[in-house]
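Q: predicted model and sequence follow; I will ask about them next.
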Amino acid sequence: MDADEIEIRYWAAQGVVREAGRLAAEHYHRRAELAVERKGTQDPVSEADRACEDMIVGALHKLFPDDGFLGEERGAQNAGAPATWIIDPIDGTANFLRGIPLWCVSLGFHAGNDFVIGVIYNPISEELYAGRQGKGATLNGRHIQVSQVESLEDARLGIGFSYRRPVAPHAEAIKRLLDANCEYSRLGSGALGLAFTADGRLDGYWEAHINSWDVAAGLCILREAGGQMNDFLGKDGLHKGNTVLATNRHLYSPLSALLKIAP
């Protein structure tokens, strides 16, 4: 896929994500009425998630009928396509359903074995993060970059946790962070954790296992903001998920050692 095709998709993605954000916000403001199911432990899904994913897929399929799709709620569509949109229609559904305004629409584009477009939109704060391979990253059109914090004692790391993984290793990792005087925050949205790292609000983001729809957009934005990350796509991370550690160039080595992440 050439640069012009990527650019067309980059601008289309921003328009589609804004529309999906408006639809999600409408559901958010009547969240008490939504039908909600449970996919797993602490893993709710609502009719809003599915409606937003359907809207995103429908809009992009009309524009780019040969592209594939991989969404959190509907799975893979046109799986043999050479390039794929990676969709989390509402990342932070638990926050969304509780009325906590830390959730977003996340849309990434995977081509040539890399995430080449990333767009993340929080319609409540009206913040749109965007990144395109080789072109930098922005927040509402303003260029952004990762923090320049060099010491763990000055750092604040965003973290996530999935009950697909055992609790004890996670708790042990948190203890190692605190013993190193590294602070942490748990936002409930991996996509926003990566976006905030790209913008320097956080100094990094770590989760022992996370799915590609949670990170596809954020990792592209983070890289374009000058960040450093592990090889998420290794061992078929696109379809199976993987560990994610994303931070700046100063903190990557000490954090990867502390969290026992292989280089």
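A: Cool, the structure landed.

Q: which other helices and strands contact the helix or strand hosting L97?
A: Secondary structure from DSSP states H and E places L97 in helix 93-98. Helix 93-98 sits against strand 43-46, with contacts defined as 3 or more CB pairs under 8 Å, 6 or more residues apart in numbering; DSSP states H and E. Bear in mind the C-beta positions are built from the backbone N, C-alpha and C, glycine included.

Q: direction included, what does the strand it packs on pair up with?
A: Strand 43-46 has the following sheet partners, assigned by DSSP bridges: strand 36-40 (antiparallel).

Q: how far does the partner strand sit from the chain's center?
A: Put simply, strand 36-40 sits 20 Å off its chain's centre (CA atoms, centre = their mean, to the nearest Å).

Q: ok, the nearest residue to I144 once chain neighbours are set aside - how many residues close by?
A: Excluding the flanking residues, the one nearest I144 by CB to CB, 6 or more residues apart in numbering is D199, at 4.6 Å. D199 has 21 neighbours, counted by other CB atoms under 10 Å.

Q: ditto for C182
A: There are 22 residues near C182, going by other CB under 10 Å.

Q: dihedrals phi and psi, it?
A: phi -100, psi 120 (degrees, to the nearest 10).

Q: which stretches of the stretch 151-263 of the chain have low pLDDT?
A: 263 (pLDDT under 70).

Q: all helices of the stretch 1-150 of the chain, in order?
A: 3-28, 47-63, 93-98 (DSSP state H, counting those that start in this stretch).

Q: how far does the second one sit from its chain's centre?
A: Okay, so that is helix 47-63. 18 Å.

Q: what angle separates it from helix 3-28?
A: Here the directions of helix 47-63 and helix 3-28 differ by 150 degrees (axes from the mean of the first three to the mean of the last three CA atoms, to 10 degrees).

Q: remind me what helix 47-63 packs against, helices and strands.
A: Packed on helix 47-63, when contacts are counted by 3+ CB pairs under 8 Å, 6+ apart, are helix 3-28, strand 68-71, strand 83-91, strand 104-111.

Q: try the first one
A: Here helix 3-28 is seen to pack against helix 47-63, strand 83-91, strand 104-111, strand 114-122, strand 127-132 when contacts are counted using 3+ CB pairs under 8 Å, 6+ apart.

Q: between the ones you listed, which one is closest to D179.
A: strand 83-91 (30.3 Å; CB to CB).

Q: could I have the CA atoms of the closest one written out in CSV?
A: Provided in CSV are the C-alpha atoms of strand 83-91 (Å, rounded to 0.1, in the frame of the first residue of the first chain):
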residue,chain,number,x,y,z
ALA,A,83,-4.5,-4.6,5.2
THR,A,84,-6.8,-4.5,8.2
TRP,A,85,-8.6,-2.0,10.4
ILE,A,86,-8.3,-2.8,14.1
ILE,A,87,-11.3,-1.5,16.1
ASP,A,88,-12.2,-1.0,19.7
PRO,A,89,-15.5,0.8,19.5
ILE,A,90,-15.5,1.8,23.2
ASP,A,91,-12.3,1.1,25.0
